[in-house]
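> I'd like to go over a predicted model; first the sequence, then the structure.
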Amino acid sequence: MAGEAEELISIFRSQLILKRYDDSTLRVLHTIMHSKDVGLLLSVRSLVREILQSTAFESLKGVEVLEKTVEEKLQIIGFFVHAFALAGDVENSLALKYEALVLRDHVFVNSPHLQVSYDEWLKFAEDSLNNGFYLNAIQGYDHAVLSLQSTHPNHGVSCVQAHEVEEIKKLKDATRTLVTSQSVQAQTAIYLKKKAGQLSGGKDSKSLGPRHLASSLFRSGIKKHNLRKFEAFSEGKLPQNITQ
């Protein structure tokens, strides 16, 4: 299977070099990411992410230099949104999704069919929230509100739309609370790590005290979580919430 994976990765890399940003290339990636060998899948996913990150950067930089049309830019960005999602790289997938939505928002005056709908912004916010990217979620909620308010600029929002705006603002406020909580937890973790280092400074670094045991359990928990995610990938369960 390792040899087959190497061959598929080589094909995938070649497709990217040839700038074939289409469904055929995504199908190759889909096959790569559905290995039933979890150990192999871990190393393959890491390699695929590296390939995608370097290729996406160069491709998007080339898009600006070649002055491609908006539709061509969106097609390339959309390809990488799907590719990163298939590779399990939610952060980069959502980042590029946001870039595509903003690009469409900037040009829809001249291309009405590219206008981003309220539902699209709301879905982006929900996907960001569900994956722990709270600041991105807040941006999505802001855009969703603006989209509603700009639907009928000369007549104002309807009662239904006003209710939706209030609900979004509640979600946004709740998300801000999560951001604050996350910040406090991060600061607390830094403080505890510093104190733990001071307390263990005079001890043998090879000692297996409670701090080391907790660290091992924490890493074990992450490993089990990742294994469950990869088992889901191998069964064909794709992260549809961000590819649609």
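Yes, it's here.
> domain ranges for the protein?
1-115, 117-197+233-244 (automatic domain parsing).
> all helices of this structure, in order?
Assigned by DSSP state H, the chain shows helices spanning 2-17, 23-32, 38-66, 70-86, 90-107, 118-130, 134-149, 159-199, 210-234, 240-243.
> What helices and strands are in contact with the fourth one?
Read it as helix 70-86. In terms of contacts (3 or more CB pairs under 8 Å, 6 or more residues apart in numbering; DSSP states H and E), helix 70-86 is packed against helix 23-32, helix 38-66, helix 90-107, helix 240-243. Every residue, glycine included, has its C-beta placed from N, CA and C.
> which one of those is the most hemmed in?
helix 90-107 (a mean of 18; mean count of other CB atoms under 10 Å).
> between it and helix 70-86, how big is the angle?
Interaxial angle of helix 90-107 relative to helix 70-86 (axes from the mean of the first three to the mean of the last three CA atoms, to 10 degrees): 160 degrees.
> who touches helix 90-107?
52-53, 56, 70, 73-74, 77-78, 80-82, 84-85, 114-116, 120-121, 124, 127-128, 131, 133, 136, 139-140, 143, 239, 242-243 (CB atoms under 8 Å, 6 or more residues apart in numbering).
> which among these end up buried?
52, 56, 73-74, 77, 80-82, 84-85, 114, 116, 120-121, 124, 127-128, 131, 133, 136, 139-140, 143, 239, 242-243 (16 or more other CB atoms under 10 Å).
> picking up where we left off before, just send the helices of the chain back as a markdown table, with mean pLDDT too.
A markdown table is the format used below for the helices of the chain (pLDDT from 0 to 100):
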| stretch | mean pLDDT |
| --- | --- |
| helix 2-17 | 88 |
| helix 23-32 | 94 |
| helix 38-66 | 83 |
| helix 70-86 | 94 |
| helix 90-107 | 93 |
| helix 118-130 | 93 |
| helix 134-149 | 90 |
| helix 159-199 | 76 |
| helix 210-234 | 48 |
| helix 240-243 | 48 |
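> OK, contacts around the nearest residue to Phe79 once chain neighbours are set aside?
Leaving aside its chain neighbours, Phe79 sits nearest to Tyr21 (3.8 Å; criterion: CB to CB, 6 or more residues apart in numbering). By CB under 8 Å, 6+ apart, the contact list for Tyr21 reads 59, 75-76, 79-80.
> between the residues you listed, which is nearest Gln149?
Gln75 (29.8 Å; CB to CB).
> Not counting its neighbours along the chain, what's nearest the closest one?
Nearest to Gln75 is Tyr21, by CB to CB, 6+ apart, at 6.7 Å.
> and the gap between the one you found and Gln15?
According to CB to CB, to the nearest Å, Tyr21 stands 9 Å off from Gln15.
> do Val48 as well
Per CB to CB, Val48 is found 12 Å from Gln15.
> Of all the helices and strands packed on helix 70-86, which one is nearest Val179?
Smallest distance to Val179 across the helices and strands packed on helix 70-86 (CB to CB): 16.0 Å, for helix 90-107.
> Tell me what angle the closest one forms with helix 118-130.
Using the same axes, to 10 degrees: helix 90-107 against helix 118-130 is 160 degrees.
> could you dump helix 90-107 to PDB, C-alpha only?
C-alpha atoms of helix 90-107 as PDB (Å, rounded to 0.1, in the frame of the first residue of the first chain):
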ATOM      1  CA  VAL A  90      -9.600  23.000   8.100                       C
ATOM      2  CA  GLU A  91      -7.700  26.200   9.000                       C
ATOM      3  CA  ASN A  92      -6.400  26.800   5.500                       C
ATOM      4  CA  SER A  93      -9.600  25.600   3.900                       C
ATOM      5  CA  LEU A  94     -11.600  28.200   5.900                       C
ATOM      6  CA  ALA A  95      -9.000  30.900   5.300                       C
ATOM      7  CA  LEU A  96      -9.300  30.500   1.500                       C
ATOM      8  CA  LYS A  97     -13.000  30.200   1.700                       C
ATOM      9  CA  TYR A  98     -13.100  33.600   3.400                       C
ATOM     10  CA  GLU A  99     -10.800  35.000   0.800                       C
ATOM     11  CA  ALA A 100     -13.100  33.800  -2.000                       C
ATOM     12  CA  LEU A 101     -16.200  35.300  -0.300                       C
ATOM     13  CA  VAL A 102     -14.500  38.700   0.200                       C
ATOM     14  CA  LEU A 103     -13.400  38.700  -3.400                       C
ATOM     15  CA  ARG A 104     -16.900  38.000  -4.600                       C
ATOM     16  CA  ASP A 105     -18.200  40.800  -2.200                       C
ATOM     17  CA  HIS A 106     -15.800  43.300  -3.800                       C
ATOM     18  CA  VAL A 107     -16.800  42.600  -7.400                       C
END
